[in-house]
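Asks: I need the structure of the sequence given here:
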Amino acid sequence: MYANATFGRRLRQGRLGRRSGSGLLLVPLDHAVGTGPLRAGGDLDALVGRLAEHGADGVVVHKGAAHRIRPARFHDLSLIVQLNASTGMAADPDAKYPVATVEEALRLGADAVSVHVNAASRTEAAQIAHLAAVAEECDRWSLPLLAMMYVRGPAVRDGRAPELVAHAVAVAAELGADLVKTALPDDPVASARIIAGAAVPVLAAGGAPEPDPDAVLGRMAAAMRAGAAGVAVGRLVFTAADPAAMLRRLAAVVHDRTPAVAR
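Replies: Predicted coordinates for the structure are as follows:
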């Protein structure tokens, strides 16, 4: 949070982090555009209700999905609207294109917006230009901006390489993001350096679910120890047999800052 932020922006930033002194726990639920339905036969409103009850601070959804969630769910939960997307069916799934605007997010009552950028992709230029344009709109309307920054492209061998992740985080901060979500390196020392050198708070991305969820929980605990402002974990939660139970385990790591315990 910056001293020169407008009152409205400070107000909305405060809604994102309602738990004073605690890490931020976001659950992205914007995956349906990219990979298909979140859960077979799933009820998005009921899922969001369970997330709100068991420790989530906010959810990230697309504009159409927001209409399927009862407003009461957001009494103690932040709404973040995703502004760009792509599908796994595309010739280039790393390409991202605008699907919503800051104005639409405001009409929905959003507390923040998010933009996904795949640095090093074939369409990097368009994605970074979109991020910059959204940042300008967020300045105009006093809305916080979450940048989801990944290093993905035909020439990228390791998207978690510390120098590449640090560069991607810097791009987001330089162009006006308030928060950055990224896939941190496996090396906790490298992660700590990236986080310490970042101009804005960094959230650790959960990534794809693994056969052993304890591995993801362990990475999130390591990120919190390295100084991350929080985590943004979606697939580990909504693909779990019991999303509420998985979220409680994440909340213990993020809010209580306790080590992840294998089960």
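Asks: next SSE downstream of the helix or strand containing Leu47?
Replies: Using DSSP states H and E, the element containing Leu47 is helix 44-53. Counting by DSSP H and E, the element after helix 44-53 in chain order, helix or strand, is strand 58-61.
Asks: partners of that following strand in the sheet?
Replies: Strand pairing for strand 58-61, determined by DSSP bridges: strand 24-28 (parallel), strand 78-82 (parallel).
Asks: kindly reformat the ones you listed as CSV containing mean neighbour count.
Replies: C-beta coordinates here come from the backbone N, C-alpha and C atoms, glycine included. Formatted as CSV, these follow (neighbours: other CB atoms under 10 Å):
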stretch, mean neighbour count
strand 24-28, 25
strand 78-82, 25
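Asks: switch those strands over to TSV; also include distance to Ala240 and mean pLDDT.
Replies: As requested, those are exported to TSV (distance: least, CB to CB, whole Å; pLDDT from 0 to 100):
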stretch	distance to Ala240	mean pLDDT
strand 24-28	11	98
strand 78-82	21	98
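Asks: re earlier: quick one, the helix holding Leu47 and strand 24-28 angle?
Replies: Angle of helix 44-53 versus strand 24-28, following axes from the mean of the first three to the mean of the last three CA atoms, to 10 degrees, is 170 degrees.
Asks: contact partners of helix 44-53?
Replies: Contact partners of helix 44-53, identified using CB atoms under 8 Å, 6 or more residues apart in numbering, comprise 27, 29, 38-39, 59, 61, 65, 68-70, 73-77, 237-238, 243-244, 247.
Asks: give me the buried entries from those.
Replies: 27, 29, 38, 59, 61, 65, 69, 73-74, 77, 237-238, 243, 247 (16 or more other CB atoms under 10 Å).
Asks: just the residues you listed: which are in strands?
Replies: 27, 59, 61 (DSSP state E).
Asks: doesn't Arg193 fall inside a helix?
Replies: Yes. According to DSSP: H, G, I helix; E, B strand; the rest coil, Arg193 belongs to a helix.
Asks: that one and Val169 touch, don't they?
Replies: No. In this structure, Arg193 is not within contact of Val169 by CB atoms under 8 Å, at 11.1 Å.
Asks: okay, the two: which has more neighbours?
Replies: Val169 (25 against 16; other CB atoms under 10 Å).
Asks: sec struct for Val231, please.
Replies: Once three-state DSSP is applied, Val231 turns out strand.
Asks: can you pull the contacts of it?
Replies: Val231 makes contact with 23-26, 203-206, 220, 223-224, 250, 253-254, according to CB under 8 Å, 6+ apart.
Asks: if we can go back for a sec, so which of the strands paired with strand 58-61 comes closest to His54?
Replies: Shortest distance between His54 and the strands paired with strand 58-61, using CB to CB, is found for strand 24-28: 10.1 Å.
Asks: centroid-nearest residue for the chain?
Replies: Ala232 (4.5 Å; CA atoms, centre = their mean).
Asks: quick one: the strands paired with strand 58-61 as TSV, columns for distance to Ala125 too.
Replies: Below are the strands paired with strand 58-61 laid out as TSV (distance: least, CB to CB, whole Å):
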stretch	distance to Ala125
strand 24-28	25
strand 78-82	21
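Asks: and these: which comes nearest Asp92?
Replies: Nearest of the strands paired with strand 58-61 (CB to CB): strand 78-82, 18.9 Å.
Asks: mean confidence for the helix or strand following that closest one?
Replies: Sequence order places strand 84-85 as the next helix or strand after strand 78-82, per DSSP H and E. Averaged over strand 84-85, pLDDT sits at 98.
Asks: ok, now stretch 229-243?
Replies: Stretch 229-243 shows a mean pLDDT of 96.
Asks: pick the one among the contacts of Val231 closest to Ala91.
Replies: For those, the nearest to Ala91 is Ala205 (24.6 Å; CB to CB).
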